[in-house]
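A.B. asks: Need coordinates for the below:
(2 chains)
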Amino acid sequence: MTAQEARLCGLLLREHFGEVVEKIGTHLLRSGAQNLRTIVNESGTPIDLVKKSLCVLMKHGACRFSIGRKGPGSPVEYQASCERILGILRYPRYIYTAKTLYSDTGELIIEELLQRGHMTMSSIVKMVADRLTHNMEEGRSIEYNEVVSTFSKLVETHFLQRCPPVSEVVPPVSTAPTVPGAPAAPVSTGPPTPESFSDCYLVPSVSLAGRGKRRRSGEDVVLDQGTTKKAKTDLQTHGDEGIYWQVNFERFHLHFRDQTIISAVASKLDQAWESLGTSRFDSDYETSSEIVRTMLRMSEVTTTPSASCTQALSANEVFRSLPANYSISRPILDQYLTLLVDDPMEFVGKTGDSGGGMYVVNLHKALTNLARATLESVVQEKFGSRSARIFRLLLRKRHLEQKQVEDFAMIPAKEAKDMLYTLMSENLVLLQELPKTPDHAPSRTFYLYTVNQLATARMLLQHCYKAVANLIDRRLFQTKESKRLLEKSQRIEAIMASLQASGAEPEQLTEVEEMISAPEKQQLESLRHHINKLDSAENQVDETIFLLKSYVASTARITR
Amino acid sequence: MADAKVKKECDPADAAVIENRIKELCIQFPQGITDQVIQNDMPHLEPTQRAMVINKLLSVGQLDLLRNSSGLLYRMKDAQSASKMKGSDNQEKLVYQIIEDAGNKGIWTRDMRFKSNLPLTEVNKILKNLESKKLIKAVKSVAASKKKVYMLYNVQPDRSVTGGAWYSDQDFESEFVEVLNQQCFKFLQSKAEVARDSKQSPMIQRNSSFATSHEVWKYICELGISKVDLSMEDIETILNTLIYDGKVEMTIIAAKEGTVGSVDGQMKLFRGVNPIIQPTGLVKTPCGLCPVFDECHEGGEISPSRCIYMTEWLNF
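C.D. replies: Here you go, the predicted model:
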């Protein structure tokens, strides 16, 4: 874990769980595995606060506990997972994906689970049904069964999974009744992975009947309070107690990866439908990406997450599995597949001729190419297209002397030198010395410029972390600056709401509304605009983070 | 000196007779005569005497000494170059000779000094002289802007000196290269668009989006944007820069010998392609492009909360 990652983790923890959790979390991240007593001593926090913080972290999977290193009987040690904390950054994307795949119900299920770490199925279903009902028109409500079916679909597609059971459950801490055995000592050594349990994708049969309940209009506006109150008072059993569910981040990441590959294929090989003004679903215009999408979908189940390419699929199978509205003939499909194989990006490879040709999607190669394109795009945007030309040239030709760079890139010597040195000072280009004699005399030495893609990707990843942390910092600063204004507008909104509820005169309402002056309103508007911009920028940078991280991880798997 | 020796050792009238005879022989054999020919013609002549006469002729610049496989060869110097050098002294002739030998590659003053064994000031004086007579010219080399090379006035400088089509007055014409780069890309792009709009099967679409380097070359020649004649290799260098720009792909196919645009039975095909990704998320933020990114720390002189780039971007 690097300093940038630690800083970002701290910021994320503070934003989502408050300052105490941030303190404990960053402390754990910095010092590695520690037992409760050490944490209390070193962080100087009261023990009950430490316990609560650990509970929160544990509930969100950001912290693991294991038996002490000093053998049986030694105190349990806690360890924070940087990976998982950084995952918080990607929450909006998970929720958005769930929405596109499984509509509002899916969105709410994922959202609730992400907010709470893990829950039982029955409580999720109830909560989601209530929220859905609340947003519907008066007099309508949603059946629990509908939510249950979406939930089962999410489990079937492995987007949700059961939490691994904790083998020995000590009576839970009184402050957090839903956490199964937070400070418990597991018998097994090493962290259990959810996939290692056979029934991790098994939906229990629950007895849930009824509809989502509408909250009474006079109830508190804050939604969460209403639902948690209900959860506490709701004491009837549904037959799934003790089975907790969590979001399967791995599966989401695989989905993101596939989407990235598909969109890359689309922009490379399919015609730009935006510019042609045709509809997105016009079958003529994005057949290549649809073929890759089909291949990836077919291999979702058969390919292990760490494989460098998908299981081979025959052209016949692909043809049968294409969506029904794609009315392309077999020879055309073969042509498309040949084009995909011929493409220098090598997204798709051919492994054999049986069954009309066996094809695979080269996941690792695709990620490598995408990461390379990302690096190139960074250089292009930051240093201009001519520097990008030099950078691409070096990526293609590996090692070049300065003179060769000038000649190949057709850039005047002076400018080329300048660009190369700038790129070198940014650590994007490396200089390799190759002395002809052992004395390293400059006149008898070759100076070769080169680019190391993996190292550069790692460096840019760190840049991304820093950039996101900067954006969050700026957002917090921006909010702090106009804290007074925000509080005022919140107060006024509350007054308005209560007045409206009590059926006040329209004049009264406008009077209250005018308490915020026009310039203040403008200021609020621009603040909202700024916050939105910063938020969306965070998500965009996270896309880069995801791509680079997948590439680094995939390369590590290949070389291992 | 040679003159004096001749006079001392043999009868001057006799020498003049031999001289004339040798000149006649040279005119008789314009491709040159060897020692053997002279010997056959004048068997009574002693080798020392012969050498004297020939040395004299060489020193006044009427004969040329050449070397071929069978030995030394004498040839009449053509009247033109002899007349050019009229009124020049030996040193000038020597320098001229050296420059002439250098051909279209030219020669540097330093090398000239070594070859001629003359002091630098002398060489410079002679060069100035010759230049004013329009016998030689100075050409600036692209390899080193300070370095001047000399060559005969009517010689076309070599590519290695001028840098080929991409240089004018030893300056790299980057605008010219950029214009060509854009034009080539435009050509390939329009070709790809036509192929796309043809609504044919994907394979045909792809194949018709390819253009050979010869086609691109012809297009550029017909456009007439270039004042200099560009060769097909020149255009291929331009197309290569497009590859490094990530805008073009190249494939090599085998072609029948003699097909237009094929080189060594290979044909290079180029086609315009779309990028695989849009600019990545990082560079859409001010931090991705920030020149002082490394110096930026919370609470420091440069910090995210006081970042002017961020403020500008937010107010945009």
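A.B. asks: going forward, measure contacts between C-alpha atoms and count neighbours the same way
C.D. replies: Will do.
A.B. asks: show me where the chain has strands.
C.D. replies: You didn't say which chain, so I picked chain A. A:34-35, A:63-66, A:77-80, A:119-120, A:160-162, A:244-247, A:313-314, A:348-352, A:358-361, A:400-401, A:430-435, A:445-450 (DSSP state E).
A.B. asks: Not quite, go with chain B.
C.D. replies: Along chain B, counting by DSSP E, strands occupy B:63-68, B:71-76, B:107-108, B:136-140, B:148-152, B:167-168, B:171-172, B:211-212, B:248-254, B:266-272.
A.B. asks: of all these, which lies closest to chain A?
C.D. replies: Closest of those to chain A is strand B:171-172, at 5.9 Å (criterion: Cα to the nearest Cα).
A.B. asks: pLDDT averaged over that closest one - what is it?
C.D. replies: For strand B:171-172, the mean pLDDT works out to 76.
A.B. asks: next one: stretch A:301-311
C.D. replies: Per-residue pLDDT over stretch A:301-311 has a mean of 84.
A.B. asks: Need the CA coordinates for it. PDB is fine.
C.D. replies: Listed next in PDB are the C-alpha coordinates belonging to stretch A:301-311 (Å, rounded to 0.1, in the frame of the first residue of the first chain):
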ATOM      1  CA  VAL A 301     -20.000 -19.300 -16.300                       C
ATOM      2  CA  THR A 302     -17.300 -21.500 -17.800                       C
ATOM      3  CA  THR A 303     -14.300 -19.200 -17.600                       C
ATOM      4  CA  THR A 304     -12.500 -18.700 -14.300                       C
ATOM      5  CA  PRO A 305     -12.100 -15.000 -13.200                       C
ATOM      6  CA  SER A 306      -8.400 -15.200 -13.500                       C
ATOM      7  CA  ALA A 307      -8.100 -16.800 -16.900                       C
ATOM      8  CA  SER A 308      -6.200 -14.900 -19.600                       C
ATOM      9  CA  CYS A 309      -8.600 -15.900 -22.300                       C
ATOM     10  CA  THR A 310     -12.100 -17.300 -22.300                       C
ATOM     11  CA  GLN A 311     -13.000 -20.900 -23.000                       C
END
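A.B. asks: State the pLDDT value of B:Thr241.
C.D. replies: 92.
A.B. asks: I misspoke; the intended subject was A:Thr479.
C.D. replies: In this prediction, A:Thr479 carries a pLDDT score of 92.
A.B. asks: Next, find the distance separating it from chain B.
C.D. replies: To chain B, A:Thr479 is 11 Å away according to Cα to the nearest Cα, to the nearest Å.
A.B. asks: OK, contacts around that residue?
C.D. replies: A:Leu527 (Cα atoms under 8 Å, 6 or more residues apart in numbering or on different chains).
A.B. asks: Can you identify each of the helices in the stretch 1-150 of chain B by residue range?
C.D. replies: B:2-9, B:12-28, B:35-41, B:47-60, B:79-84, B:90-102, B:109-116, B:120-132 (DSSP state H, counting those that start in this stretch).
A.B. asks: Up against chain A, what does chain B have?
C.D. replies: B:172, B:174, B:177, B:196, B:201-203, B:237-238, B:240-241, B:244-246, B:273-277, B:279-285, B:287-289, B:298, B:304-305, B:314-315 (Cα under 8 Å from any Cα of the partner chain).
A.B. asks: which of the strands of chain B is buried the deepest?
C.D. replies: Scoring those by mean neighbour count under mean count of other Cα atoms under 10 Å in any protein chain shown gives strand B:148-152 as the most buried, with a mean of 23.
A.B. asks: With just CA atoms, put that strand into CSV.
C.D. replies: In CSV, the C-alpha atoms belonging to strand B:148-152 read as follows (Å, rounded to 0.1, in the frame of the first residue of the first chain):
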residue,chain,number,x,y,z
LYS,B,148,29.7,24.0,-44.1
VAL,B,149,30.7,21.7,-46.9
TYR,B,150,32.1,22.7,-50.3
MET,B,151,31.3,21.2,-53.7
LEU,B,152,31.6,22.2,-57.3
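A.B. asks: Give me the contact list for it.
C.D. replies: Against strand B:148-152 from outside (Cα under 8 Å, 6+ apart): B:99-100, B:102-109, B:135-141, B:157.
A.B. asks: if we can go back for a sec, could you dump the strands of chain A into JSON lines with mean neighbour count and distance to chain B added?
C.D. replies: Putting the strands of chain A into JSON lines (neighbours: other Cα atoms under 10 Å in any protein chain shown; distance: least, Cα to the nearest Cα, whole Å) gives the following:
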{"stretch": "strand A:34-35", "mean neighbour count": "20", "distance to chain B": "29"}
{"stretch": "strand A:63-66", "mean neighbour count": "21", "distance to chain B": "27"}
{"stretch": "strand A:77-80", "mean neighbour count": "22", "distance to chain B": "24"}
{"stretch": "strand A:119-120", "mean neighbour count": "20", "distance to chain B": "34"}
{"stretch": "strand A:160-162", "mean neighbour count": "24", "distance to chain B": "28"}
{"stretch": "strand A:244-247", "mean neighbour count": "23", "distance to chain B": "25"}
{"stretch": "strand A:313-314", "mean neighbour count": "22", "distance to chain B": "20"}
{"stretch": "strand A:348-352", "mean neighbour count": "19", "distance to chain B": "14"}
{"stretch": "strand A:358-361", "mean neighbour count": "23", "distance to chain B": "16"}
{"stretch": "strand A:400-401", "mean neighbour count": "17", "distance to chain B": "14"}
{"stretch": "strand A:430-435", "mean neighbour count": "16", "distance to chain B": "18"}
{"stretch": "strand A:445-450", "mean neighbour count": "19", "distance to chain B": "15"}
